[in-house]
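Q: Let me see the structure of the following:
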Amino acid sequence: MKFRLAGFAVSFAFVLLAILASAQSLTPEQKLAKDVLKELVEINTTTDTIGTERAAQAVVARLRAAGFSEDDARVMGADAKHSNVFIRLRGRSAEKPIVMIAHLDVVPARREDWSFDPFTLTEDGGYYYARGVRDDKAGDASIIVSMLRWKKEGLAPGRDIIALLSSDEETNGTAIQWLIQNAPGVKGADFALNADAGGGEVRGGKRAVFDLQASEKIYADYEFTVRDRGGHSSQPRPADNPIYRLAGPLAKLAAYQFPINLNDVTRGYFQRLGALEGGDIGRDMQSVASARPSPEAVARLSATPQYNSQMRTTCVATEIDGGHAPNALPQMAKVNVNCRILPNDKPAEIQRTLESIFSPSGAELRVATAPKNSPASPLRPDVVKAVEELVAKQFPGAIVVPEMSAGATDGLFLRNAGVPVYGVLGLFQDPSDSRSHGRDERIPVDSYFDAVEFWHELVPMLAK
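A: Okay, the predicted model is just below:
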């Protein structure tokens with residue numbers, strides 16, 4: 001028994017020494033970055049249930065303690081549940097400000113689904129694990145840490161630097177719309193940097209691609225419902241059965257592909273990525289980016305969801321509901337079709353295509369989520385130049401590639417308000433290891449610290 005206790009004491013001592021050594025190896029800037037991230041992820045900000053009030057108050061308290069005034073670090077929002085953070089570092093002139101955006105809310109996570117407690121920052125094998133650690137609290141922390149360091153360093157930018165940390169990006173985006181109308185300086189901003197988009201791709205163990213997000217797809221949901229009088233299941237009427245009537249259109253939808261329609265962002269994406277990839281895939285990318293794409297190249301790239309989503313609008317059945325009893329003919333069958341529409345496609349034409357696919361079923365259409373225009377941001381030379389210079393310095397060998405997000409962010413609403421938006425998270429990961437919204441969400445520790453440094457250097461370059 002004494003031996004076992006002694007062995008336990010030795011093991012515990014080694015663990016304690018390893019923890020202390022790890023903590024001591026962090027620079028003061030890295031320790032601050034870890035502390036801020038830990039505080040954020042360990043405050044549950046699940047969408048539509050808990051809200052962001054606690055997190056917003058904690059962020060503002062930290063900023064006030066660092067010397068930000070009540071006007072320049074405050075909680076704002078239409079109500080307490082939707083608490084947003086407004087931060088401003090005042091500049092030397094009245095030139096249009098730069099805005100930085102990220103979001104505090106996260107999607108739900110259940111402890112029984114995870115290997116770790118999703119609301120405790122866990123470091124394991126060179127990764128930080130927690131719900132929201134990637135989407136989007138690493139982005140929040142990058143902005144907060146930068147603001148704290150700039151304040152401490154006495155940075156006097158040429159113009160105001162404004163940060164907005166929103167509360168409902170994962171649901172309907174009402175918070176960023178409220179902030180655009182109510183937060184000082186946002187409407188007239190020169191441009192915005194988005195910490196919820198862009199980033200870096202690790203290929204073959206190397207940091208190879210830095211994605212500069214300048215566009216996003218348009219989100220829309222279309223609900224198709226077929227109805228019938230129903231009846232007893234012992235006397236089927238296949239031609240009238242709502243479930244069968246939806247089956248044909250669903251099979252057609254599964255096989256349907258919208259035409260490819262590249263824009264400046266996606267054309268640049270395939271051109272630059274094709275040069276990096278080389279080989280058959282690289283040649284296919286170069287062909288797709290050309291004025292006359294090869295149908296064979298298009299077909300091959302379409303087999304990869306990541307590339308397919310960059311080339312065309314996609315629509316997919318995501319939910320289905322039908323029938324009311326196991327021994328009765330269905331009186332109703334309903335399917336939701338989720339579309340991610342290219343910003344250069346016309347949503348009305350996409351809707352007409354879907355209507356033509358479902359028309360043989362006699363389905364009623366309800367637009368469950370109306371498409372909202374999402375114009376691409378111009379690839380501004382000043383932004384591109386600053387990003388390329390800093391990437392070359394901090395991530396030598398990586399190339400900057402313009403990107404269109406297949407998903408949607410708060411950047412949509414700023415773009416519609418006339419403010420160009422650029423996603424520059426700067427966090428490098430293997431694209432195949434994306435775990436946002438999923439089980440055991442994680443980010444590489446070293447990549448997180450590098451992303452914080454990227455933000456700390458990039459914004460002052462653009463705010464001169």
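
Q: looking at this, residue 229 is in a helix?
A: No - Residue 229 is assigned coil when assessed by DSSP: H, G, I helix; E, B strand; the rest coil, not a helix.

Q: Would you state the helices of the stretch 1-150 of the chain in chain order?
A: 2-25, 28-41, 53-65, 138-153 (DSSP state H, counting those that start in this stretch).

Q: do the same with the stretch 251-400 of the chain
A: Under the criterion DSSP H, counting those that start in this stretch, the stretch 251-400 of the chain contains helices at 264-277, 279-288, 295-302, 305-311, 347-358, 381-394.

Q: Switch the ones you listed over to a markdown table; also include mean pLDDT.
A: Shown next, in a markdown table, are those (pLDDT from 0 to 100):
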| stretch | mean pLDDT |
| --- | --- |
| helix 264-277 | 93 |
| helix 279-288 | 96 |
| helix 295-302 | 97 |
| helix 305-311 | 94 |
| helix 347-358 | 98 |
| helix 381-394 | 97 |
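
Q: right, and those helices - which one's nearest residue 119?
A: Proximity to residue 119 (Cβ to Cβ) singles out helix 305-311 among the helices of the stretch 251-400 of the chain, at 30.1 Å. Yep, even glycine has a C-beta here, placed from its N, CA and C like the rest.

Q: got a list of contacts for that closest one?
A: Contact partners of helix 305-311, identified using Cβ atoms under 8 Å, 6 or more residues apart in numbering, comprise 217, 260-262, 266, 269-270, 285, 288, 298, 301-302, 314, 340, 404, 406, 431.

Q: residue contacts, residue 113?
A: By Cβ under 8 Å, 6+ apart, the residues touching residue 113 are residue 439.

Q: got any ranges where this protein has weak pLDDT?
A: 1-24 (pLDDT under 70).

Q: domains in it, as residue ranges please.
A: The record's domain parsing of the chain by automatic domain parsing lists 25-215+374-462, 218-369.

Q: on that earlier part again, can you turn the buried subset of the contacts of helix 305-311 into a selection I can paste into ChimeraX?
A: Burial among these is assessed by 16 or more other Cβ atoms under 10 Å; the matching ChimeraX selection reads:
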select :217,260,262,266,269,270,285,288,298,301,302,314,340,404
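
Q: Residue 29: neighbouring residues, count only.
A: Look at residue 29: counted by other Cβ atoms under 10 Å, it has 15 neighbours.

Q: separation between it and residue 225?
A: 56 Å (Cβ to Cβ, to the nearest Å).

Q: for residue 360, same thing?
A: 15 Å.

Q: Looking at the two now, which is surrounded by more residues?
A: Neighbours were counted for residue 360 and for residue 225 using other Cβ under 10 Å; residue 225 has more, 19 against 11.

Q: isn't that one right up against residue 337?
A: No - here residue 225 does not reach residue 337: they are 11.7 Å apart, not a contact under Cβ atoms under 8 Å.

Q: Let me see the contact set for the residue nearest to residue 314 when sequence neighbours are not counted.
A: Nearest residue to residue 314, sequence neighbours excluded (Cβ to Cβ, 6 or more residues apart in numbering): residue 340, at 5.3 Å. With contact taken as Cβ under 8 Å, 6+ apart, residue 340 is in contact with 217, 218, 219, 309, 313, 314, 315, 406, 407.

Q: farthest-separated two in these?
A: 315 and 407 (14.9 Å).

Q: which of those two has more neighbours?
A: residue 315 (22 against 14).

Q: What residues are bridge-paired with that one?
A: Residue 315 forms beta bridges with residue 339, as assigned by DSSP bridges.

Q: surely it meets residue 351?
A: No - counting by Cβ under 8 Å, residue 315 does not reach residue 351; the two are 9.9 Å apart.

Q: Name the residues contacting each of those two.
A: Joint contacts of residue 315 and residue 351 (Cβ under 8 Å, 6+ apart) are residue 222.

Q: State the distance from the closest residue to residue 121 other than its chain neighbours to residue 371.
A: Here the nearest residue to residue 121 in space, its sequence neighbours aside, is residue 38; by Cβ to Cβ, 6+ apart that works out to 4.3 Å. Plainly put, residue 38 is 39 Å away from residue 371 if you go by Cβ to Cβ.

Q: who's more crowded, the two?
A: Ranked by neighbour count (other Cβ under 10 Å), residue 38 and residue 371 place residue 371 first, with 21 against 18.

Q: wouldn't that one be in contact with residue 222 here?
A: No - if you go by Cβ under 8 Å, residue 371 and residue 222 don't touch, sitting 9.5 Å apart.

Q: List the residues that are in contact with both of those two.
A: residue 339.

Q: Now do the contacts for the nearest residue to residue 377 once chain neighbours are set aside.
A: Of all residues not flanking residue 377 in the chain, residue 420 sits nearest, at 3.8 Å (Cβ to Cβ, 6+ apart). Counting by Cβ under 8 Å, 6+ apart, residue 420 touches 191, 192, 214, 377, 378, 380.

Q: For the fourth one, the count of nearby residues, please.
A: In this case it means residue 377. 26.

Q: quick one: it and residue 340, what's the gap?
A: Residue 377 is 18 Å from residue 340, by Cβ to Cβ.

Q: about what we covered before: any idea which of the domains of the chain is most buried?
A: With neighbours taken as mean count of other Cβ atoms under 10 Å, the domains of the chain reach their highest mean count in domain 25-215+374-462, at a mean of 20.

Q: would you list every one of the strands in the stretch 301-450 of the chain?
A: Along the stretch 301-450 of the chain, the stretches classed as strands by DSSP state E, counting those that start in this stretch are 314-322, 328-329, 332-341, 364-369, 399-405, 421-423, 428-429, 442-444.

Q: Could you list the residues in contact with the last one?
A: Strand 442-444 has contacts (Cβ under 8 Å, 6+ apart) with 126, 127, 128, 129, 133, 134, 138, 427, 428, 429, 433, 435.

Q: and the two most separated of those residues?
A: Spatially, the most separated pair among these is 129 and 428, at 17.2 Å (Cβ to Cβ).

Q: Can you give the distance of stretch 267-279 from its chain's centre?
A: 23 Å (Cα atoms, centre = their mean, to the nearest Å).

Q: scratch that, stretch 78-90
A: 20 Å.

Q: now for the strand or helix carrying residue 214, which elements pack on it?
A: Taking DSSP states H and E as the definition, residue 214 sits inside strand 206-216. Here strand 206-216 touches strand 199-203, helix 264-277, helix 381-394, strand 399-405, helix 411-416, strand 421-423, going by 3 or more Cβ pairs under 8 Å, 6 or more residues apart in numbering; DSSP states H and E.

Q: closest one to residue 321 among those?
A: Of the helices and strands packed on strand 206-216, nearest to residue 321 by Cβ to Cβ is helix 411-416, at 28.3 Å.

Q: packing partners for that closest one?
A: strand 98-103, helix 174-182, strand 191-194, strand 206-216, strand 421-423.

Q: And those: which comes nearest residue 70?
A: helix 174-182 (16.2 Å).

Q: Dump the C-alpha coordinates for that closest one into PDB.
A: In PDB, the C-alpha atoms belonging to helix 174-182 read as follows (Å, rounded to 0.1, in the frame of the first residue of the first chain):
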ATOM      1  CA  THR A 174     -31.000  40.100 -35.700                       C
ATOM      2  CA  ALA A 175     -28.200  41.300 -33.400                       C
ATOM      3  CA  ILE A 176     -25.800  42.400 -36.200                       C
ATOM      4  CA  GLN A 177     -28.700  44.200 -37.900                       C
ATOM      5  CA  TRP A 178     -29.400  46.000 -34.600                       C
ATOM      6  CA  LEU A 179     -25.800  46.900 -34.200                       C
ATOM      7  CA  ILE A 180     -25.500  48.300 -37.700                       C
ATOM      8  CA  GLN A 181     -28.400  50.700 -36.900                       C
ATOM      9  CA  ASN A 182     -27.300  51.500 -33.300                       C
END
